[in-house]
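>>> Requesting a structural model of the entry that follows:
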Amino acid sequence: MENKNILEQKIAVIGAGAVGSTTAYTLMVRGLAAEIILIDINEEKEKGEVLDINDGLSFSGIGKVIQGDYKDAAQADIIILTAGVAQKPGETRLDLVSKNKEIVSSIFKEIGTIKETAIIIVISNPVDIITYLVQQISNLPQNQVFGTGTCLDTARLRSNLAKRFLVDGSQVEGFVLAEHGNSEFIAWSTVSIAGKKASELLNQEEMNKIEEEVRNEVYEIINRKGATYYGIAMVASDVVRAILLDENKILPVSHLLDNCNGVSGLCLGAPAVVGRSGIIKPWPIELTEPEKEKLQKSAETIKQYL
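This is a model prediction of the structure:
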């Protein structure tokens, strides 16, 4: 990314659906760019969202939120991809592969040549497969293209444990890893609460129950309100902040793995240091043998779709 300050950054959010518009709104509220460009094939929806978000500009330190088209994304400093068919009740994220691969390929064909310093953050599901696809078609270095991975799942884990133990969520460490989907798993060997290992505070039955709750929360939300968007918008803004402020923050983003506990050659959620240039480096993580098996099983699931 170019060496600009926050007040000069231009962020393009592709997709003005629930996730895209909420992400644009969240970025505006947190004052994370000079300009946010909202882009959608449905120009009326795009216009309505921009008008609504703009009503809050007087309360924010941000410059402007505007309508745009795919060509405008080519000059953005950060591109956030949210476009695609949304997950419906009864569907898994992997059910979206075929349609969303086609949509994303079409979008990047419309964008054309992307600014060489740009960073692309993929939210569109299935995020691990779409991230792999965007890495191939964007012609950007792999460290500049990554997905939100299991950041949302990890946030759900931390919120769950914080509520259970009546502590602040920032006191909970640890990760949900692998596919952002049904083969994800909690790496309990990494989980601690204020320095105390979760395995010392929870029995196996409790850990199994928490893992099921974290994995299935998406279905709970979709069945009740049709879509998830508040949590992932906060995740996206957290990733953007890590980039713009060069925080070197360790996040379980979806990126191309290279011998991560025996898994290589595909994108999955695993810890990486995120800063000004995107992914600075993978963060090494030593899993237990059962956790390694879960990671490899998740990788096999994803490989079927690549």
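>>> tell me the contacts of the closest residue to Val176 other than its chain neighbours?
Closest residue to Val176 apart from its sequence neighbours, by CB to CB, 6 or more residues apart in numbering: Asp153 at 3.8 Å. Bear in mind the C-beta positions are built from the backbone N, C-alpha and C, glycine included. Neighbour list for Asp153: 176, 180, 184, 214-215, 252, 269 [criterion: CB atoms under 8 Å, 6 or more residues apart in numbering].
>>> change it to 10 Å
Asp153 makes contact with 175-181, 184-186, 214-215, 217-218, 231, 235, 252, 269, according to CB atoms under 10 Å, 6 or more residues apart in numbering.
>>> and the protein, what are its domains?
Annotated domains of the chain cover 6-147, 151-303 [automatic domain parsing].
>>> Out of those, which is the most enclosed?
A comparison of the domains of the chain by mean neighbour count, using mean count of other CB atoms under 10 Å, puts domain 6-147 on top with a mean of 20.
>>> now that domain: mean pLDDT?
Mean per-residue pLDDT for domain 6-147: 92.
>>> Is the closest residue to Ser199 other than its chain neighbours in a helix, a strand, or coil?
Sequence neighbours aside, Trp188 is the residue nearest to Ser199 in space, at 6.0 Å (criterion: CB to CB, 6+ apart). Following DSSP: H, G, I helix; E, B strand; the rest coil, Trp188 is assigned to strand.
>>> ok, so what distance separates Trp188 from Ala162?
Trp188 sits 16 Å away from Ala162, going by CB to CB, to the nearest Å.
>>> got it, and Asp69?
Applying CB to CB to Asp69 and Ala162 gives a distance of 42 Å.
>>> Contact partners for Thr228?
18-19, 22, 86-87, 152, 217-222.
>>> what does Ile221 give?
Ile221 neighbours (CB under 10 Å, 6+ apart): 227-231.
>>> what's the answer for Asn143, then?
The neighbours of Asn143, taking CB under 10 Å, 6+ apart as the test, are 119, 135, 255-256, 272, 274, 277-282.
>>> for the closest residue in space to Ala178 that isn't next to it in sequence, what are its contacts?
Excluding its sequence neighbours, the residue lying closest to Ala178 (CB to CB, 6+ apart) is Ser298, at 3.5 Å. Counting by CB under 10 Å, 6+ apart, Ser298 makes contact with 128, 177-185, 263, 266, 268-269.
>>> go with 7 Å
178-179, 183-184, 268 (CB atoms under 7 Å, 6 or more residues apart in numbering).
>>> mind putting those in CSV, distance to Ala12, pLDDT and secondary structure included?
Shown next, in CSV, are the contacts of Ser298 (distance: CB to CB, whole Å; pLDDT from 0 to 100; DSSP: H, G, I helix; E, B strand; the rest coil):
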residue, distance to Ala12, pLDDT, secondary structure
Ala178, 29, 97, strand
Glu179, 27, 96, coil
Ser183, 31, 95, coil
Glu184, 28, 97, coil
Leu268, 26, 98, strand
